[in-house]
Every structure is written in structure tokens, then in C-alpha cells.
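Trainee: Using only what follows, build the 3D model:
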Amino acid sequence: MPEDLAALTGGSWAGDHTPSRVTGFTHDSRQAQAGEMFVALETPARDGHDFIPAAREAGAASALVRAEVGEDLPQLVVPDTLEAFQKIAAGHRRDFAGKVIGVTGSCGKTSTKDLLGLLLGERTLRTEGNLNNFLGVPLTLTRLDSALYDHAVVEAGINEPGEMTTLAAMIEPDIAIITCVAPAHLERLGTVERVAEEKALLGRSARRVIFPGACWQYAPFRDLGARALVVTDDPDLARTLPDEQCVVSRMGNVDVGGCRLELESAALPAFTCELPFNSPGMVSNAALALSAALLCGVSPDLLRERLSHWRASHHRGEWLHCGEQSFYIDSYNANPASMAEAMAAFEASAPADKPRLYVLGGMKELGVESYRYHMETGGRIRLREGDRAVLIGSEADGYRDGLLKARNPAGSLRLFTETRDASEAVKDFSGAIMLKGSRAYALESLLPTMGKGGAERC
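Mentor: As a prediction, this is how the structure comes out:
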């Protein structure tokens, strides 16, 4: 109700002119729907107040503003529109009767979120795309509706200190999942240890927090106490943990198409399933998501049935087969951990008898250690006869030096400054091709095209 929004934000309706109801929220005037409130955000690039007429024309029934604009539209006036929107989102979260699961981590957030959303069933709200920041999280939370959903899976992403505190306060997760801690956004976060501190904050706000055994090395995770549920394939670590705080995972029957996963814990029902993938990172993500789904009371039989419907998200670890070329594309973003995972997935599932082309775009925001991380990543690759590597961006020298240090032949490497410059090298290669790099390099543009129709459907 309009009066509730005023109470949540501490704002007031200009001229006591209120809408009959608010059906949703948008910050994009082009997408405003009838009954929605337009959130007039102010950024260095643009002032949302300038778009209020367009939002009204599109159907918006009200606006959240810092100062009243001369439009025939109900306007809730607040000191800061973003902070007010976040308060509204927190109010929606508190009113939600179902369970909320928060997901964060240096990589694997989106895959884990999507998999858990599938496992929990149709009455589950999940973050759309990558709406996981200070604006995306409230856009998700304001869609919560106890009449429509029993669960919500909310992704939380950060790139600087302090952001997780704000996100965790809005999400208030019943269960938190931290997928991993790894070098990411170090230009602002500084060190991997600081990354661990920030990620663990989501767990501190939860009743139960699930994370892989690799996170146990960081003190903020050990400090989570009895709420921690550690998923590990390390028997030595498992022996040191209380039975009710440990999930032992076992991976077996590995083949090109998948593997078997077993989970054993005093906190969960015993569980065994066949997974349609076999890379260590995705198996770890699955173990976390399955543990959360079991905590939420989903039956093992139903989980196994729902797993059969899993499909990788668009351009996030999917294969496209186009004539003599097979593309493994994971081009949304990259850091050392996600790059290592993508390489493992590519190498595990690419045909052994086909040449391989590694197309690596640079990894952004790694700070002063960027060269070292690129060199270490390049050093992981062992090129076979016929294999090649295409290295793109200002960071390519690090990849190259790592590849050469690992005794890969210099004649198998090509460096390019821009993604478009590598198009012919990719086009001329027959075999399995891996595309992985930071978003800035848009490596999906190297996929085969059909004129204006975009990438071929394979």
C-alpha cells in the first residue's frame, strides 16, 4: 500500500497525491508497466528524474524521487532514491513467508543459483541474469510474493568493501551459500583474505551457511560456528568437523558426459545422483545446491528427477556445435578461479581426438598481481600437437609467458590487442574451441554468424 512505502522509506507523498496501488518497481523508463513505481536513480551518467515523463507515458503509476518533478504523477519524495528503494526491498523480504537462500562467491554464483532454482521447483523466485548488486538485489526482492513463491534464490555480487553489508541486510537469508573464495575484484578489495571477509558476511546474516571445504582455511569462515555446513571431499578435513557441520561429497564414475555424486552427512538425508557434467567446479556447485535443497526439505527422488532437466545458462559453460567447430563458451566474466574451472570443463568434455584452440581474453580487476595471475593461468595449459592458443588484450603477455614457461611452443601462440582482430584465427580453426575472458572482451562476438541473424543455432 502507498502508506506502507512512505513508512518504510521515511518519505512523504507530494501533495498527498498517492496511487491506488503499486504493482511493481522499475528503474528503466522504457520498461515501465502499468501500475509500477518508477525509481528515479541519480548516477554520474544520468539523472533518472529526467525520465519521469517517459516513465509516465509508458504506464508508470508513481515515482520515487528526491525532489518533486512537475508531472501529473504521484511522487514519493525521499532524501536518497537508491537507499529508499533498498529499504522498500528489505520490507518485502521481511514480509515474505517462504525461505530465502542467498548465493555469493568469487565464481560459480550464477550456475549455483540457477541449479538451486531448478532443484527447488517452479514456485521459486530467482535472480534474473546478473542482477546481483546494490540495484539488482532490490529489484529481485521487490518481486517476492508469498502467494506465488515458496522459495527465493538471491544472488549477491560485490566488487568493493562494504557492499556485502548492505546486500546481506536486505537479503536476510535463511540459508547462505558461498561457492568459493578466489582472486577477484582485487583492485578494490585488495587481497584474497579481504575477499573472504566480505563473502563470509552473507553467512553471518544467515541461520545456516553452506560452503566448500576450501573456504575453511580462512578465519571468517571458521568463525561462523555451528551455523556452518562444510561440503568437502577431503577426508582429513571431514574428520576434524562435527558430524552435523560436515557434508562428505564423493565423485565417481566419471565419463565424458557426467559423473556420480554421493553426499553423506548427519545433517542431511543420504543422497546419490548422476550429474550431467563432470568438471570439479560444477560438481562442487552442485554439491552445495543439493545440500541447500535437502535442507529445504526437497525429497531425494524429486531432486534426481529435476536434475535431469538441467541446462547450462546462455554462454555460461555451454557447447555450440557448428560444422567442423565445437565452441565451449563461458564468456560472461573471468578471474583465475573461473578460468581454471572453465579449462577443466573444456578439457574434460572436448573430444580427445580433435585439436583444441584456447581463446583467452584478459582477466580484469586483478590489481598489482595481475601479471602473475595471468602467467599462472597460462602455465596451466599443455598444448598437444595441433593445439593452439589465441591470447587477447593488454594482459596477453602474462598468458604468453606462462605458456612458454610451461614449454609450450611459441609457434602455437598468437596475441591480439582487440577481440575483433582474432576473428580470422578463430574462423580458420577446425576442432574444439574454448572462449573465456572478462566481459570487456565480449568473446561471444567470435562465434560464427549468419549475417544479421547472430550466432548459428547448434
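
Trainee: switch to C-alpha atoms for all contacts and neighbour counts from now on
Mentor: OK.

Trainee: For the helix or strand hosting residue 343, name the packing helices and strands.
Mentor: Using DSSP states H and E, residue 343 sits within helix 336-349. Where contact means 3 or more Cα pairs under 8 Å, 6 or more residues apart in numbering; DSSP states H and E, helix 336-349 is packed against helix 280-295, helix 370-379, strand 431-436.

Trainee: Measure how far the helix or strand just after the first one is from the centre of its chain, please.
Mentor: Once the chain leaves helix 280-295, the next helix or strand it forms, by DSSP H and E, is helix 300-307. Offset of helix 300-307 from its chain centre (Cα atoms, centre = their mean, to the nearest Å): 23 Å.

Trainee: Dump helix 300-307 to CSV, restricted to CA.
Mentor: The C-alpha trace of helix 300-307 is given here as CSV (Å, rounded to 0.1, in the frame of the first residue of the first chain):
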residue,chain,number,x,y,z
PRO,A,300,16.0,-37.1,-2.9
ASP,A,301,13.8,-38.7,-5.6
LEU,A,302,12.4,-35.3,-6.7
LEU,A,303,15.9,-33.8,-6.8
ARG,A,304,17.1,-36.6,-9.1
GLU,A,305,14.2,-36.0,-11.4
ARG,A,306,14.7,-32.3,-11.5
LEU,A,307,18.4,-32.7,-12.2
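
Trainee: Report the buried residues of it.
Mentor: By 16 or more other Cα atoms under 10 Å, the buried positions in helix 300-307 come out as 300, 303-304, 307.

Trainee: if we can go back for a sec, please identify which of the helices and strands packed on helix 336-349 is closest to residue 405.
Mentor: Nearest of the helices and strands packed on helix 336-349 to residue 405, taken as Cα to Cα: helix 370-379 at 6.7 Å.

Trainee: List the buried residues in the closest one.
Mentor: Quick answer for helix 370-379 (16+ other Cα under 10 Å): 370-371, 373-379.

Trainee: That helix - what's its average pLDDT?
Mentor: Averaged across helix 370-379, pLDDT comes to 97.

Trainee: any idea how far the residue nearest to residue 367 when sequence neighbours are not counted lies from residue 370?
Mentor: The shortest distance from residue 367 to any non-neighbouring residue, by Cα to Cα, 6 or more residues apart in numbering, is to residue 187 (4.2 Å). Per Cα to Cα, to the nearest Å, residue 187 is found 9 Å from residue 370.

Trainee: any idea of the pLDDT on residue 456?
Mentor: So residue 456 comes in at 45 (pLDDT).

Trainee: try residue 186
Mentor: 88.

Trainee: As a check, name the ranges of all helices in the stretch 301-450 of the chain.
Mentor: Taking DSSP state H, counting those that start in this stretch as the test, the helices found in the stretch 301-450 of the chain are 336-349, 370-379, 396-405, 423-427.

Trainee: Could you do the stretch 101-250 of the chain as well?
Mentor: Here the stretch 101-250 of the chain has its helices, by DSSP H, counting those that start in this stretch, at 109-120, 136-141, 163-171, 186-189, 192-204, 219-222, 235-240.

Trainee: packing partners for the last one?
Mentor: To tie it back to what came earlier, the one meant is helix 235-240. Right, helix 235-240 is packed against strand 246-255 by 3+ Cα pairs under 8 Å, 6+ apart.

Trainee: Can you mark which positions in the strand it packs on are buried?
Mentor: 246-251, 254.

Trainee: again with stretch 309-324
Mentor: 315-317, 319-320.

Trainee: Let's have the residues you listed in JSON lines, adding pLDDT and distance to residue 57.
Mentor: Below are the buried residues of stretch 309-324 laid out as JSON lines (pLDDT from 0 to 100; distance: Cα to Cα, whole Å):
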{"residue": "315", "pLDDT": "78", "distance to residue 57": "35"}
{"residue": "316", "pLDDT": "79", "distance to residue 57": "37"}
{"residue": "317", "pLDDT": "82", "distance to residue 57": "40"}
{"residue": "319", "pLDDT": "89", "distance to residue 57": "42"}
{"residue": "320", "pLDDT": "90", "distance to residue 57": "41"}
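
Trainee: quick one, which of the helices of the stretch 101-250 of the chain is nearest to residue 84?
Mentor: Residue 84 sits nearest to helix 136-141 of all the helices of the stretch 101-250 of the chain, at 10.3 Å, using Cα to Cα.

Trainee: Quick check: pLDDT value at residue 352.
Mentor: The model's pLDDT for residue 352 equals 91.

Trainee: Tell me how many other residues crowd residue 397.
Mentor: 18 (other Cα atoms under 10 Å).

Trainee: Repeat that for the one 10 residues further on.
Mentor: Burial measure for residue 407: 13 neighbouring residues, criterion other Cα under 10 Å.

Trainee: next one: residue 270
Mentor: Residue 270: 13 neighbours (other Cα under 10 Å).

Trainee: Domain parsing of the protein, as residue ranges.
Mentor: As recorded under automatic domain parsing, the domains making up the chain are 2-79, 96-307, 316-453.

Trainee: what's the closest of those to residue 86?
Mentor: Closest approach to residue 86 among the domains of the chain (Cα to Cα): domain 96-307, 5.6 Å.

Trainee: May I have the distance across the closest one, first residue to last?
Mentor: Termini of domain 96-307 sit 27 Å apart (Cα to Cα).

Trainee: Residue 84: what's its closest spatial neighbour, skipping adjacent residues?
Mentor: residue 9 (5.1 Å).

Trainee: need the contact list for that neighbour.
Mentor: Residues in contact with residue 9 (Cα atoms under 8 Å, 6 or more residues apart in numbering) are 78, 84-85, 87-88.

Trainee: on that earlier part again, let's have the helices of the stretch 301-450 of the chain in TSV, adding distance to residue 241.
Mentor: Below are the helices of the stretch 301-450 of the chain laid out as TSV (distance: least, Cα to Cα, whole Å):
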stretch	distance to residue 241
helix 336-349	26
helix 370-379	32
helix 396-405	38
helix 423-427	49
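
Trainee: By mean pLDDT, show me the worst of those.
Mentor: helix 336-349 (a mean of 92).

Trainee: residues in contact with that one?
Mentor: Against helix 336-349 from outside (Cα under 8 Å, 6+ apart): 106-108, 182-184, 256-257, 278-281, 317, 328, 330, 363, 373-374, 377, 380, 434, 436-437.

Trainee: Show the buried residues in these.
Mentor: 106-108, 182-184, 256, 278-279, 281, 317, 328, 330, 363, 373-374, 377, 434, 436-437.

Trainee: my guess is residue 183 meets residue 366, correct?
Mentor: Yes - contact status for residue 183 versus residue 366: in contact at 7.0 Å, counting by Cα atoms under 8 Å.

Trainee: what is in contact with the two at once?
Mentor: residue 335.

Trainee: closest to residue 223 out of the helices of the stretch 301-450 of the chain?
Mentor: The nearest among those, by Cα to Cα, is helix 336-349 at 23.9 Å.
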